[in-house]
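> Take this sequence and fold it.
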Amino acid sequence: QGKLKHWGRYLVPDYVLGQTARGVYDYALPDDIYDNETNKSILSVRIGGASMPLLVKDEKEFDQIIGTTAHTQVRTQTAAGNTTLAVDDSYDFDDSGSVNIYTSNAVDAITYTGVTRSATAGILTGVPASGSGAIGATHVVDTNVWQGEAEGEPKYYNVRSGRLRMWPLPSAEWVNKKVLLD
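As a prediction, the model looks like this:
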């Protein structure tokens, strides 16, 4: 409203957004943050005790860094031995190949031979019932499904639609660390 503010009163240092986990790249911003559509309200983002903050990237730069990575979520809970995997959106996935689902910081690499294309109800078909490439664990609804993702030390972040996204995905060495926001 055109009035000068004493922004120091509004600073919340070391706000914990959550804990890192394999396969998780986004976190809900606090409800009371001033601007939840851009990084204007964020001074820095750090992982655990790391002294170097993540580098902010605008939406275009962040999307270029992610590149051709395909991402969706499990639509219907699946169990070990199932031969199909129901996902929310299957359009960006290869006609055949493999996907990774991270559950309890472990990766389940699942192969498939076909795709039923849909933006709301896709299905990956031809999953082996057992052995290499089979669904090895129960995966609940809304668990992230990835193809072509990168893991490592998170280096970049972006804010979009009230969520903070970071890249690359945290690798095993970077799990169970606080995501800190100033």
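> measure the spatially most central residue of the chain to residue 128 for me?
The centre of the chain sits closest to residue 25, judged by Cα atoms, centre = their mean, with a distance of 2.8 Å. From residue 25 across to residue 128, the span is 28 Å (Cβ to Cβ, to the nearest Å). All C-beta spots, glycine's among them, are computed from the backbone N, C-alpha and C.
> what do you get for residue 12?
In terms of Cβ to Cβ, residue 12 sits 49 Å off from residue 128.
> between those two, which one's more packed in?
residue 128 (15 against 12; other Cβ atoms under 10 Å).
> In this structure residue 123 contacts residue 86, no?
Yes: with contact defined as Cβ atoms under 8 Å, residue 123 counts as touching residue 86 (5.4 Å).
> Confirm that residue 71 sits in a strand.
Yes: Residue 71 sits within a strand when classified using DSSP: H, G, I helix; E, B strand; the rest coil.
> List the buried residues for stretch 135-144?
135-136, 139, 143-144 (16 or more other Cβ atoms under 10 Å).
> what's the answer for stretch 38-46, then?
Within stretch 38-46, the residues that count as buried by 16+ other Cβ under 10 Å are 39, 41-42, 45-46.
> Stretch 144-162 too?
144-149, 151, 154, 156-160.
> Can you add pLDDT, secondary structure and distance to residue 109 and give the residues you listed back as JSON lines?
Formatted as JSON lines, the buried residues of stretch 144-162 follow (pLDDT from 0 to 100; DSSP: H, G, I helix; E, B strand; the rest coil; distance: Cβ to Cβ, whole Å):
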{"residue": "144", "pLDDT": "96", "secondary structure": "strand", "distance to residue 109": "14"}
{"residue": "145", "pLDDT": "97", "secondary structure": "strand", "distance to residue 109": "11"}
{"residue": "146", "pLDDT": "98", "secondary structure": "strand", "distance to residue 109": "10"}
{"residue": "147", "pLDDT": "98", "secondary structure": "strand", "distance to residue 109": "11"}
{"residue": "148", "pLDDT": "96", "secondary structure": "coil", "distance to residue 109": "13"}
{"residue": "149", "pLDDT": "96", "secondary structure": "coil", "distance to residue 109": "12"}
{"residue": "151", "pLDDT": "96", "secondary structure": "strand", "distance to residue 109": "13"}
{"residue": "154", "pLDDT": "95", "secondary structure": "coil", "distance to residue 109": "22"}
{"residue": "156", "pLDDT": "97", "secondary structure": "strand", "distance to residue 109": "25"}
{"residue": "157", "pLDDT": "97", "secondary structure": "strand", "distance to residue 109": "27"}
{"residue": "158", "pLDDT": "95", "secondary structure": "strand", "distance to residue 109": "27"}
{"residue": "159", "pLDDT": "96", "secondary structure": "strand", "distance to residue 109": "31"}
{"residue": "160", "pLDDT": "93", "secondary structure": "strand", "distance to residue 109": "28"}
